[in-house]
Structures are given as C-alpha cells and as structure tokens.
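Colleague: mind looking at a prediction? Sequence and model below.
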Amino acid sequence: MTQPFLHTPVLQQEAIRLLTEEGGTHFLDGTLGGGGDTEEILKGDETREVIGIDRDYTALDAASERLAPFGNRFHPWHGTFSHLEEAIQDTGWTTLDGILLDIGVSSPQIDTPERGFSFRFDAPLDMRMDTSGGDPTAADLLNTLPQKELADIFWTYGEERFSRPIAKAIVERRETNPWETTTELAALLERIVGRSHQHGLPPATRVFQALRIAVNHELDELEAALKAAERVLSPGGRLVVISFHSLEDRIVKHYLQHAAQTCICPPALPCTCNKKVTFEILTKKPCTASAEELKKNSRSACAKLRAAKRTNEPPEFTRQY
Ligand SMILES: C[S@@+](CC[C@H](N)C(=O)[O-])C[C@H]1O[C@@H](n2cnc3c(N)ncnc32)[C@H](O)[C@@H]1O
Ligand SMILES: [Zn+2]
C-alpha cells in the first residue's frame, strides 16, 4: 500500500467540463499528481481512456493504486509532459481528444520535508520533482552556477528585488562552505530580505519559487507542451491549462492569443501572412476559484484556468523529434 496522497484538485469541475463537453475518448492528463482529475475523467464515461503523465514516481504510484479499478482504461507514463508525444506513441495512439495540464507542485511534494521544496522545514535543498535521475538539485545550482546566472534566476523567476546581493552572498559563502539545507538558505534570505519585503510574504518565498522553477525547467516544459498539444490534438480537441503564477499564465495566454490570431501583418499593410488559426479560445478571461472553493482550499487563490479548442488547420510547430 503506497502512502495516502493528499492533494485537493483545483478548479476541477470547470476543468473537466471544458475538457470533455464535446465528447471524445482519448485524453491525456500531463500532471497526474494524486489522480483526482484523471479519476473524474474516467468516471464520467466508460468509453474514455486516459494517459496519466507524472515525472514524480511517488505521484505515479499513488495514482496507479487509486485508478486500478479502471483497469486498462488508465495508462500511467513516467516522464515530463514536454514529451507527451512519446507517451502517446508508447500507448499506441496517434491523436488526442483532450489534454489537461494542472501545473506546478502538488501538496504532498510541498509538505514532505525531505523533498526540500519548503522553507518551513529543515531539509536538504533538493526541489526536484523527479528524484529518480541524476538531475541537478537546488543545492547543485547554488554551488555551481555563476553569480550572474543565479541573480537572473532570482529576478526572472521570482521577481526578487534583492536578487543581486543574494546571489553575491551565496557565491561568497560557497567558497568555504557549500550550500546544503533549506534552513541555511532561509536564514540568509531573512538577513538580506528581512522585513523590507513586499506584500508581507515570508522573505524566502520568492527565491524558493525561483529555484524550484529553475531546477525543474518549469517554463520550458510548459512552452514545449503547448506546441506539442497543437500537433497531437484532433480537430475539436480541447486543451485546458491551470497555472499558479503569473509567469506561467502569461506563457499560456500569449501562446493561445497567437494561435487564435487570424493575421499577424503590421496593421497598416494588406494581409500577406496567411496565418492559420490553430486554436479557438474558450475562456476570454481565465477562470478563477469561487469564494466557496477558496474557503475550502487556499491553494486555489492563485489558480487561473485557460481553455481552447483545436481547429482543423495544420500545426504551426513541426515535430521536434
Ligand atoms: C498540481 S499537481 C497535479 C494534481 C492533479 N491534477 C490531481 O488531481 O491530483 C502537479 C503534478 O504534476 C507533476 N508535474 C509538474 N510538472 C511536470 C512536468 N513538466 N512533467 C510531468 N509532470 C509534472 C508534479 O510532479 C505533480 O505531481
Ligand atoms: Zn496577415
């Protein structure tokens, strides 16, 4: 018996409705987590099958146990969602009727001290969602990256105002004393950022978020998955993305705006671009959590859901492998 996986899916009703309202049988959940969303897809209609991707074996094992009653309608796949085309091939499918991405970390990842995602616990600075390979940890980045690159990570992914002094202090200390634990880093951030910080957030918040994004290549993953979605969704197929911070939401918004645009020529000139519309946007404004959901699950406060429907134009982005 695997450990219970306590994660409450966010904006679930809206996500499943937008994903399945036009029918279809072949779905992919790129962020399986505890399997809560996949279970809803499978429960809704017995002709549906779902490929469930997660890069974290803990999630994959827990979800596989939960979804065992659905037999071979559920297809677990270990890896990153940027490789969703490989998952489809391995399952023997060629296209999809719907893709769901509920990005970010799960509650069990954040709440398991030894994963190193949270400054609330003393633990090794790991932060990898996939601990099965030899990918660099957060400590590896702090101990090896050039000072400028660290500062850029803190600024770009964390919007941390003190990115440069923080990067300087990190590099100074590592000469004699390599970084190892969350508590060491949190103490440095307390010293440099202290109480001067915006919006009453604990001083370690932004740097921890930035490191997590860098360790897991989260924004590259999202961009690659959106392009892959365009290649594999059948006409009418649905794409539903739930994101938790503005950097991710901006990527989804811009991608869909471009895909839905009929012309990309300069405004004063006649149209010569022959731009193809590959997605029709279904959510003019992103969906957010209701007051009722907010009361039950504070994680839903930052969630934004965007959905789109694939047209029958050929994809703009050609296959990368
Ligand atoms: C917010 S949780 C998803 C929760 C899920 N919707 C549920 O119902 O339980 C995000 C999950 O996606 C996984 N994940 C995040 N980024 C990923 C990526 N690029 N590739 C594969 N899995 C990823 C994480 O390991 C985590 O388990
Ligand atoms: Zn044009």
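Modeller: Now that the structure is in, tell me what you want to look at. Ligands and ions are numbered 1, 2, ... in the order given.

Colleague: identify the residue nearest Lys168 in space, chain neighbours excluded?
Modeller: Gln147 (6.2 Å; Cβ to Cβ, 6 or more residues apart in numbering). C-beta: built from backbone N, CA, C; applies to glycine.

Colleague: following whichever strand or helix holds Leu239, which helix or strand shows up next?
Modeller: Secondary structure assignment for Leu239, by DSSP states H and E: strand 233-243. Reading on from strand 233-243 to the C-terminus, the next helix or strand found by DSSP H and E is helix 246-260.

Colleague: for that following helix, list the C-alpha coordinates in PDB.
Modeller: Output of helix 246-260 as PDB, limited to C-alpha atoms (Å, rounded to 0.1, in the frame of the first residue of the first chain):
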ATOM      1  CA  SER A 246       1.800  34.900 -13.500                       C
ATOM      2  CA  LEU A 247       4.800  33.700 -15.400                       C
ATOM      3  CA  GLU A 248       3.100  30.500 -16.400                       C
ATOM      4  CA  ASP A 249      -0.300  32.200 -17.100                       C
ATOM      5  CA  ARG A 250       1.400  34.700 -19.300                       C
ATOM      6  CA  ILE A 251       3.000  31.900 -21.400                       C
ATOM      7  CA  VAL A 252      -0.400  30.200 -21.900                       C
ATOM      8  CA  LYS A 253      -2.200  33.500 -22.600                       C
ATOM      9  CA  HIS A 254       0.400  34.600 -25.200                       C
ATOM     10  CA  TYR A 255       0.600  31.200 -26.800                       C
ATOM     11  CA  LEU A 256      -3.200  31.000 -27.200                       C
ATOM     12  CA  GLN A 257      -3.600  34.600 -28.400                       C
ATOM     13  CA  HIS A 258      -1.100  33.900 -31.100                       C
ATOM     14  CA  ALA A 259      -2.700  30.600 -32.100                       C
ATOM     15  CA  ALA A 260      -6.100  32.300 -32.300                       C
END
